[in-house]
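[1] Sequence plus the predicted model coming up.
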Amino acid sequence: MEAKKRIFSGIQPTGNLTLGNYIGALRNFKLLEDEYDCLYAIVDSHAITVRQDAAELRKACLRTMAIFLASGLDPEKNILFFQSHVHQHAELAWILDCYTYMGELSRMTQFKDKSKKHADNINCGLFAYPVLMAADILLYQTDLVPIGVDQKQHLELARNIAERFNSLYGGTFAVPDGYFPKVGAKVMSLQEPTRKMSKSDPEETYIAILDKPEVIRRKLRRAVTDSEADVRFDPELKPGVSNLMSILSALTGASMDAIAADFSGKGYGAFKDAVADAFVAVLEPIQKRYDEISADKVYLEKVMLEGAERADRLAAPTMRKVRKKVGLAPTKL
Ligand code: TYM
């Protein structure tokens with residue numbers, strides 16, 4: 001039997017996971033779990049590139065693991081773990097730092113955005129963040145990386161680093177491809193629909209996976225649309241309505257044409273209510289499972305310890321190979 005292809009992806013445990021994280025990434029994780037050999041990490045080391053409250057971050061890490069499980073990811077089929085529990089991520093990141101150029105990292109749009117937002121804390125970790133992300137991926141000989149389009153530039157860099165290293169030292173890393181959702185690869189903000197929905201923006205701009213139905217309905221009623229009344233897909237002229245249509249399509253599978261036909265002449269009120277219903281239908285069962293899982297600390301701990309052990313075993317051979325190629329002192333003579 002042919003070996004399954006390998007998948008790696010990660011989500012930062014900061015703040016509240018949003019519907020963007022769900023549609024762009026988490027939902028696909030579940031869809032891929034049977035066909036591929038999957039590792040999904042909660043990337044806590046990435047989170048400290050901006051200042052965090054330690055107690056809150058610790059809680060957010062566990063919350064994120066509970067959301068992974070509540071969204072249906074099976075911890076037997078998938079390796080679910082915390083990035084910082086597998087030391088090889090940091091180790092490989094350092095080595096790859098030495099094979100990445102300052103110029104490449106200066107071009108990363110997320111670095112430019114985040115340095116504006118955190119002008120008082122433009123630290124080296126924030127700058128080298130994409131190299132840690134490359135290490136996450138390359139450590140496991142990953143073939144495919146399910147992500148939203150906002151991470152495409154980082155993935156491109158990971159591919160470039162892998163190719164550079166391979167051409168210097170011979171085949172060492174698999175060169176990964178991206179896996180993007182057909183609809184919903186970039187879910188937009190409810191208040192500024194030309195910007196992506198982001199968990200680091202104010203509350204009213206996003207739907208959180210853990211938002212209760214009444215909060216979802218309220219946020220949607222206030223979502224920015226336009227001064228017309230027709231439900232039509234036109235991201236240029238009608239970014240707000242088109243965003244809601246994309247979300248509805250991603251969640252229900254309905255085509256844009258079918259959605260437009262369904263709401264023809266009904267106005268935005270009815271349309272927004274239908275979008276809210278679709279969210280609630282998807283999120284309510286996740287929230288119910290979340291409440292059960294997050295109360296079960298013994299189970300959460302078992303999942304995270306086993307996940308880290310399994311990831312460590314897979315990371316070790318790549319690390320041995322890399323250490324040898326670059327000439328670090330052997331651990332056995
Ligand atoms: P993060 O934590 O910002 O987002 C997690 C995943 O959610 C996707 N996403 C979105 N998709 C569609 N619409 C949106 N509005 C939206 N917002 C977020 C992201 O594209 C991502 O797939 N650097 C990464 C985490 C990471 C990683 C990795 C990912 C670290 N190492 C290795 C893949 C492989 C990040 O900050 O994602």
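    Looks like it came in fine. Remember, it's a predicted structure, so these values are computed and weren't measured experimentally.

[2] so who does the nearest residue to residue 212 once chain neighbours are set aside touch?
    Of all residues not flanking residue 212 in the chain, residue 287 sits nearest, at 7.6 Å (Cβ to Cβ, 6 or more residues apart in numbering). To be clear about C-beta, it is placed using only N, CA and C from the backbone, and glycine gets the same treatment. Counting by Cβ atoms under 8 Å, 6 or more residues apart in numbering, residue 287 touches 70, 209, 210, 212.

[3] Export the residues you listed to a markdown table and append columns for secondary structure.
    Below are these laid out as a markdown table (DSSP: H, G, I helix; E, B strand; the rest coil):
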| residue | secondary structure |
| --- | --- |
| 70 | helix |
| 209 | coil |
| 210 | coil |
| 212 | coil |
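
[4] for those residues, which one is nearest the ligand?
    residue 209 (11.2 Å; Cβ to the nearest ligand atom).

[5] show me what contacts that closest one?
    By Cβ under 8 Å, 6+ apart, the residues touching residue 209 are 16, 17, 18, 19, 21, 22, 26, 67, 71, 283, 286, 287.

[6] 7 Å instead, please
    Going by Cβ atoms under 7 Å, 6 or more residues apart in numbering, residue 209 touches 17, 18, 19, 22, 67, 283, 286.

[7] Now this structure against the ligand: closest residue?
    Using Cβ to the nearest ligand atom, the closest approach of the chain to the ligand is made by residue 24 at 1.9 Å.

[8] which residues touch that residue?
    So residue 24 contacts 148, 181, 184, 185, 187 (Cβ under 7 Å, 6+ apart).

[9] show me where the chain has strands.
    6-11, 37-42, 78-82, 144-146, 177-179 (DSSP state E).

[10] so can I have JSON lines of those strands showing mean neighbour count?
    Converted to JSON lines, the strands of the chain look like this (neighbours: other Cβ atoms under 10 Å):
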{"stretch": "strand 6-11", "mean neighbour count": "23"}
{"stretch": "strand 37-42", "mean neighbour count": "25"}
{"stretch": "strand 78-82", "mean neighbour count": "24"}
{"stretch": "strand 144-146", "mean neighbour count": "23"}
{"stretch": "strand 177-179", "mean neighbour count": "17"}
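
[11] before we move on, the earlier item: buried subset of the contacts of residue 287?
    The neighbour count (16 or more other Cβ atoms under 10 Å) marks 70, 209, 210 as buried among these.

[12] Break the chain into its domains for me.
    Here the domain parsing of the chain from automatic domain parsing is 6-179+297-326, 203-292.

[13] For this structure, which segments count as helices?
    According to DSSP state H, the chain carries its helices in the segments 19-21, 27-32, 44-47, 54-70, 88-97, 102-106, 109-117, 124-138, 152-169, 213-221, 239-252, 256-262, 267-295, 297-326.

[14] where does the chain have its least confident helix or strand?
    helix 27-32 (a mean of 92; mean pLDDT, DSSP states H and E).

[15] buried stuff in it?
    27, 28, 29, 30, 32.

[16] swap in stretch 252-267?
    For stretch 252-267, by 16+ other Cβ under 10 Å, it's 252, 254, 256, 259, 260, 263.

[17] For that stretch, what is the distance to the chain centroid?
    Relative to its chain's centre, stretch 252-267 lies at 29 Å (Cα atoms, centre = their mean, to the nearest Å).

[18] Surely residue 159 touches residue 177?
    No. In terms of Cβ atoms under 7 Å, residue 159 does not count as a neighbour of residue 177; the distance is 8.3 Å.

[19] Report the two of the buried residues of helix 27-32 separated the most.
    27 and 32 (10.0 Å; Cβ to Cβ).

[20] Point out where the stretch 151-300 of the chain drops to low pLDDT.
    Residues of the stretch 151-300 of the chain meeting the criterion pLDDT under 70: none.

[21] does residue 304 really touch residue 79, like I thought?
    No. Under the criterion of Cβ under 7 Å, residue 304 is not in contact with residue 79, lying 10.7 Å apart.
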